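Student: The following comprises the amino acid sequence and a computationally predicted model.
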Amino acid sequence: MRHARGAETGAGKVRLSRRRVLNGGTALGAYFILPRAAGAQHQGHDHSKMGLDPGPIVQAAAASVDQPLLEPEVRRSVNGVLNTTLSCRYAYKDIGGQKLYLRSYEGTSHGPTLRMKPGETLKIRLSNDFPPNRDALPQNMALPQNMALPHQFNNTNFHFHGAHCSPSGISDNVMRSMVPGKKYDIDIALPKDHTSGTYWYHPHHHGAADVQIASGMAGAIIVEGDFAGVPEITNAKERVMLMSQVVYDSFGMIENFSTVFPETATRFLAINGQRRPTITMRPGEVQRWRLVGSQYQDDFFLELEKHNLNVIAYDGIPLRSMQELKTLLFAPGQRADLLVQAGAPGTYEFRALPYDQGHPSPVGPLGRLVVAGDPMPMKLPATLPKPPFEDIKDSEITGKRTVTFSATSPEADAAGHWQEFTFLVDGKTFNPNRIDQRVKLGAVEEWTIVNTHFHDDHVFHIHTNPFQVTQVNGQRQPDLLWRDSVIVPRNGGSIVFRSRFLDYTGVFMLHCHMMNHEEMGMMQTVEVYKD
Ligand SMILES: [Cu+2]
């Protein structure tokens, strides 16, 4: 991705001599070189006449916006196995005219898109190529206050977000610690009846996951095969779109937790590591946009100017009928599969609108839809196939429980340092040595998630089993959506869901997917056990 964008950007906006292109080199990426004389005259001197050549003057360019949307490299399964490697390493990334030096997968702005089918196995040889951690492990990590300190940002691991698979061993086990300089095998087998749709992967090492996701360490996983027999969907061109809030310090890096913490930390928004990319369609064309909520912290209130957002799946799980929306509230961790039908020729903004999630959600352009060319008559589907899961009936419920999200904050909340906040589940910060919820294998439970935090909405996410949302703030939800991540409204708000704890025993996590909060302790362990 980087190479293509860097080269096109410079050449497209400024007429460069061959010598300057060679001098500038590809290392300059999305920066371009101003004609030397212009820079010199600005100083009131012409150094070239004086024989003093100051060399090319490099200035950050706005030219790296409005480039065609690029998608991550695709890696596919072969004979039932997706066998690949992933290197975790530092890389230069050119995003929106900013040259950043951040942790990455494979040195690209986002990791490769992995495509596989239900019943297949994902085998990854993960190489942690980060340098050694600069900080020592806090002394006595058993102390909860120490476990809630972000730390050791070069440790990592691998989480297949939304998968129904084993949370143990070398499968989707987020308790693993993958340290710098070593290689690790990951082996995740999906059951044959796994849902097909849009999933994603990201690091989940407590202490480091937030900084790594904020750095763009995320990739899409497409489990193929949904909507077979619906040509309006299967014939549509697909686009994978990884959403991000771009953050960095004055060195273009993320080396300190305070780079990501204040709610105002976001510099701008991006899709696939590009600032305001362009998406082209022909009038009447239908495309399937696979949106991945890989933004590290905040909700996006999405709008595509003068176009409907037609949702056909949330969180990788197909809907029973298409939702025709004008706006979509999109939380970290979530996915939404949209059918977009292009209208009349023109340019339309794809953007995040103002929204109050307790603090203002980040706003700004995400991309631009450019509709041009000959009409392409396509249709939206009239109906969708039967969805994959049966509704959970009252008669199935074997138990109920309540989980409470809360937080404490300083008086001057907006200006507070991260050390002045605590984020809690059931009154406690995360402790990996404690089991918080024990659930018998095969149980079907109804859970109420309460958010007593006066200030912020939070995003409840649980691993291994999806759930069906039945109530929000006491209101029955007629659409009974299946999800793996859902917003819990602030100040006494609540959601109720039902879930079947099927197939897999072991320990996994529930947490807030606003990663700052998870990192500071808003996470619990869940153990599914067999008698
Ligand atoms: Cu939260």
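Tutor: On my side now, so go ahead.

Student: hey, let's count contacts and neighbours off CA atoms from now on
Tutor: Will do.

Student: what kind of secondary structure is Ser258 in?
Tutor: Each residue gets one of three states, and Ser258 gets helix by DSSP: H, G, I helix; E, B strand; the rest coil.

Student: Tell me if I'm right that it and Gln419 touch.
Tutor: No. No contact is recorded between Ser258 and Gln419 when judged using C-alpha atoms under 8 Å, the distance being 9.5 Å.

Student: State the phi and psi torsions of His517.
Tutor: Dihedral angles phi and psi of His517 (degrees, to the nearest 10) take the values phi -70, psi -40.

Student: Can you tell me the closest non-neighbouring residue to the closest residue to the ion within the stretch 1-150 of the chain?
Tutor: Per C-alpha to the ion, the residue of the stretch 1-150 of the chain with the smallest distance to the ion is Ala148, at 13.8 Å. Here the nearest residue to Ala148 in space, its sequence neighbours aside, is Met520; by C-alpha to C-alpha, 6 or more residues apart in numbering that works out to 4.4 Å.

Student: Let me know the pLDDT of that neighbour.
Tutor: Among the per-residue scores, Met520 holds a pLDDT of 95.

Student: Now do the contacts for it.
Tutor: Applying C-alpha atoms under 8 Å, 6 or more residues apart in numbering, one finds that Met520 lies in contact with Met147, Ala148, Leu149, Pro150, Thr422, Phe423, Thr429.

Student: Do I have it right that Ile170 meets Met178?
Tutor: No. Taking contacts as C-alpha under 8 Å, Ile170 lies outside contact range of Met178: 11.4 Å.

Student: List the ones among the contacts of Met520 that fall in strands.
Tutor: Among those, the subset assigned to strands under DSSP state E consists of Thr422, Phe423.

Student: and the nearest residue to Ser499 once chain neighbours are set aside, how many neighbours does it have?
Tutor: Counting by C-alpha to C-alpha, 6+ apart, the nearest residue to Ser499 once its immediate chain neighbours are dropped is Phe467, at 4.5 Å. Neighbouring residues of Phe467 were enumerated by other C-alpha atoms under 10 Å; the total is 24.

Student: start to end distance for stretch 387-396?
Tutor: Distance between the two ends of stretch 387-396: 19 Å, counting by C-alpha to C-alpha, to the nearest Å.

Student: buried stuff in that stretch?
Tutor: Applying a neighbour-count criterion of 16 or more other C-alpha atoms under 10 Å, one finds Pro387, Pro388, Ile392 buried in stretch 387-396.

Student: any idea how far Thr429 lies from Gly521?
Tutor: Thr429 sits at a distance of 4 Å from Gly521 (criterion: C-alpha to C-alpha).

Student: So for these two, which sits in the more crowded spot?
Tutor: Taking neighbours as other C-alpha under 10 Å, Thr429 and Gly521 compare with Gly521 leading, 28 against 23.

Student: so that one makes contact with Pro432?
Tutor: No. Under the criterion of C-alpha under 8 Å, Gly521 makes no contact with Pro432, lying 10.4 Å away.

Student: ok and the residue in this protein nearest the ion?
Tutor: Residue nearest to the ion within the chain: His458 (3.9 Å; C-alpha to the ion).
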